[in-house]
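J.: Just to be clear, the model below is a prediction. Sequence and coordinates:
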Amino acid sequence: MNIITIIVAILCFGIIIMIHEAGHFFVAKKSGIRVLEFSVGMGPAIISRTKGETKYSLRALPIGGYCAMEGEDDISDDPRAFRKAPVWKRMLVTVAGATMNLILGLLLIFVFICLDDAITSTTVADFFTNEAGETVSASAEWLKPNDRILSINGLRVFAWMDIGYALQNDDCETFTVVVEREGQKVTLENVKFYNSENGRMFDFRVFGLKKTPGNVLRYSGRQFVSMARLIWISLRDLIRGKYGFHDMSGVVGIVDSTVTAVESQESFHDKLMELIDLMSFITINVGIFNLIPFPALDGGRLVFLIIEAIRRKQIPAHIEGMIHFVGLALLMILMIAVTFQDITKIFQR
């Protein structure tokens, strides 16, 4: 592996974490809450500097970060303590990190589309043929050029990646496809997708659209919605048991996969595009994961704030703090186990 690519991948992951914590930091500052430390990374501090009332740290392990606020999990007499702020301000601070990750993801998708040669649509252009000019695409029996694919097996298609996801993740041989054909919705039953020459499911080509300001903005939004939904579906499938522990990846696995994917591209432009695409996926993943209602995550903290807003009474600091501590301990154990698995996979490979 190229050491420069590894460093770039680690820096990119660090930027994603920094953006997340910066969201908490800036909203907390604007809300008048005292911020004790803003840290990128975990473990021992490499660089540490205090400016004003806040210590800024860069730590050795690029596996997270934190924005430590006065009185966040304990009782404090400081009038600017986190728990002294109105509940709506604390809600804003709590969701600010994930929000910044999602905004970053949308911006990266926008940049990706701007740098791409054309916008990839969901409208069928043509089918694959062999040297004799014979169609080798099974779906040509059902689909027609200019069909705009609206859904596959009930999964609404926002962007081209939805098509690939539906074909690769549904364990079935035929599909129910809804298309827009000549202005009308048409439902196609028992559609088969198969390229008899290369064995791939994606057996048709789609149109590339001209990049206009309207198209770029529209498809950036569609791609963002598509990516966020697929990440949520994956998390749901993980909880339901469709995916197991061995399918999970931590920081080491993410960096390793990023490096592998980037180095597989030949030109600098393609490497950059691959990196931007992966960064958008990772930052949206971080944003959505942090909103899961699990103790110690932003989503878990938000649940306590919602309960407080309904009851109009705070949950005792020591009880909430203990619950978050247990959640954090479980997350750290999981993180260590996943990291060990990532390292094992690298050595086995």
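T.: Right, received. Where do you want to start?
J.: quick one: what helix or strand has the residue of the chain positioned farthest from its centre in it?
T.: No residue in the chain sits farther from the centre than Ala132, which is 43.4 Å out by Cα atoms, centre = their mean. Ala132 is part of no helix or strand when elements are defined by DSSP states H and E.
J.: so what's it scoring on pLDDT?
T.: pLDDT for Ala132: 84.
J.: tell me which element the spatially closest residue to Glu189 that is not a sequence neighbour falls in.
T.: Among residues not flanking Glu189 along the chain, Thr176 sits closest, at 5.7 Å (Cβ to Cβ, 6 or more residues apart in numbering). Backbone N, C-alpha and C define where each C-beta goes, glycine included. Thr176 is part of strand 175-181, with elements assigned from DSSP H and E.
J.: Name the strands paired with that strand and say parallel or antiparallel.
T.: strand 148-152 (antiparallel), strand 184-191 (antiparallel) (DSSP bridges).
J.: Report the rounded mean pLDDT for the helix or strand following the first one.
T.: The reference is to strand 148-152. Counting by DSSP H and E, the element after strand 148-152 in chain order, helix or strand, is strand 155-156. The average pLDDT for strand 155-156 rounds to 93.
J.: Strand 155-156 pairs with which strands?
T.: strand 148-152 (antiparallel).
J.: does Leu61 sit in a helix, a strand or a coil?
T.: strand (DSSP: H, G, I helix; E, B strand; the rest coil).
J.: Now do the phi/psi pair for the closest residue to it other than its chain neighbours.
T.: Take Leu61 and drop its neighbours on the chain: the residue closest to it by Cβ to Cβ, 6+ apart is Gly43, 4.1 Å away. Main-chain dihedrals, Gly43, degrees, to the nearest 10: phi 90, psi -160.
J.: residue contacts, Gly43?
T.: For Gly43, the contact set (Cβ atoms under 8 Å, 6 or more residues apart in numbering) comprises 59-61.
J.: Tell me the helices and strands packed up against the strand or helix carrying Gly14.
T.: Using DSSP H and E, Gly14 sits in helix 3-30. Counting contacts by 3 or more Cβ pairs under 8 Å, 6 or more residues apart in numbering; DSSP states H and E, helix 3-30 is packed against strand 35-51, strand 54-69, helix 87-115, helix 251-263, helix 268-290.
J.: Gly321 is nearest to which of those?
T.: When the helices and strands packed on helix 3-30 are compared by Cβ to Cβ, strand 54-69 sits nearest Gly321, at 12.9 Å.
J.: what about the nearest residue to Leu102 once chain neighbours are set aside, how many neighbours?
T.: Distances taken as Cβ to Cβ, 6+ apart place Gly287 nearest to Leu102, at 4.4 Å, with adjacent residues excluded. Other residues within reach of Gly287, judged by other Cβ atoms under 10 Å, total 26.
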